[in-house]
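J.: Need a 3D model of the following:
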Amino acid sequence: MAKKRIDVSVIVPSYNEEKYIGACLAAIRRQKFSGTYEIIVGDGHSKDRTQKISRDYGARVVEENFGTASGGRYRAAKIARGRIYAFMSADVEPCQGWLQNIYDAFENKRVAWAVGSVKPIEGRFVEEIGAAILNFFASVLNRVGLAYVNGDNVASRADAYWKCGGFNPRLTTSEDTDLGMRLMRQGRFAYAGRATVLISMRRVRKWGYLNFALFHTKNFASTHFLKTPAKMYAPIR
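T.: Coordinates of the predicted model:
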């Protein structure tokens, strides 16, 4: 029997995220949306209550065996029924209007993929500035052919996603940039600035602002110009 198609599949990778995933899924469930959607959690065999919490919020849970966030996204997309796939992380909280605005970005049939905006959860001034810079880069660089993608808030038409091969589940880092580089060949990009998600600052504060910025700047360049994204990205719980 063919899968019944819906408008949007919201896809969330997870591993031992019981502290955060409830708030993420609750924020998705609060969305006011004119269409139909589903939530799929691609879980890396969590040892805590992540899977139970996910099911309690009505999410479909599928397990991945790659041990990467990219693997969770890839595995979840395999069972997705949406015409559009919207990806975020387990420690992200979408603002009201996010789902409708990310969906509306695809009103133009030429649009194959879109990136939304980000803001820090309970952000300090420097973090707010950093998020604004990220949003500026996402809105400009993708339009000139240099993929700049945040996996916390990226969406694609299902057909474009699979035509370009989808997320590479073996990548530990830069899987979002890698996907964006391939999606550029599938159709037009749209910046959905009104589709905003709140992102956790736990890694930024643990690493320190300078170390965080240096790592991601170097990794961005390595991914684009050397095709060698970093292979290590220790989890922060």
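J.: C-alpha only now, for contacts and for neighbours.
T.: Will do.
J.: Which elements pack onto the longest helix seen in the chain?
T.: Using DSSP state H, we find that the single longest helix of the chain is helix 125-141. Applying 3 or more C-alpha pairs under 8 Å, 6 or more residues apart in numbering; DSSP states H and E, one finds that helix 125-141 contacts strand 111-120, strand 188-199.
J.: switch to 10 Å and redo it
T.: Judged by 3 or more C-alpha pairs under 10 Å, 6 or more residues apart in numbering; DSSP states H and E, the packing partners of helix 125-141 are strand 111-120, strand 188-199, helix 209-221.
J.: Helices of the chain, residue ranges please.
T.: 21-29, 50-56, 69-78, 98-104, 125-141, 158-163, 175-183, 202-207, 209-221.
J.: For residue 40, find the nearest of the ones you listed.
T.: Nearest to residue 40 among the helices of the chain is helix 69-78; the distance by C-alpha to C-alpha comes to 6.0 Å.
J.: Between helix 175-183 and the closest one, find me the angle.
T.: 50 degrees (axes from the mean of the first three to the mean of the last three C-alpha atoms, to 10 degrees).
J.: what pLDDT, on average, does helix 69-78 get?
T.: The average pLDDT for helix 69-78 rounds to 98.
J.: Give the buried residues for it.
T.: 69-77 (16 or more other C-alpha atoms under 10 Å).
J.: with those in mind, which one is nearest to residue 191?
T.: Taking the buried residues of helix 69-78 together and measuring to residue 191 by C-alpha to C-alpha, the closest member is residue 73, at 21.0 Å.
J.: what about the chain, any weak spots by pLDDT?
T.: Within the chain, the segments meeting pLDDT under 70 span 1-3.
J.: swap the cut-off to 50 and go again
T.: Residues of the chain that meet the criterion pLDDT under 50 lie in 1.
J.: Which residues are in contact with the closest residue to residue 135 other than its chain neighbours?
T.: Leaving aside its sequence neighbours, residue 135 sits nearest to residue 117 (C-alpha to C-alpha, 6 or more residues apart in numbering; 5.6 Å). Neighbour list for residue 117: 98, 131-132, 134-136, 138-139, 150, 152-154, 191-198 [criterion: C-alpha atoms under 10 Å, 6 or more residues apart in numbering].
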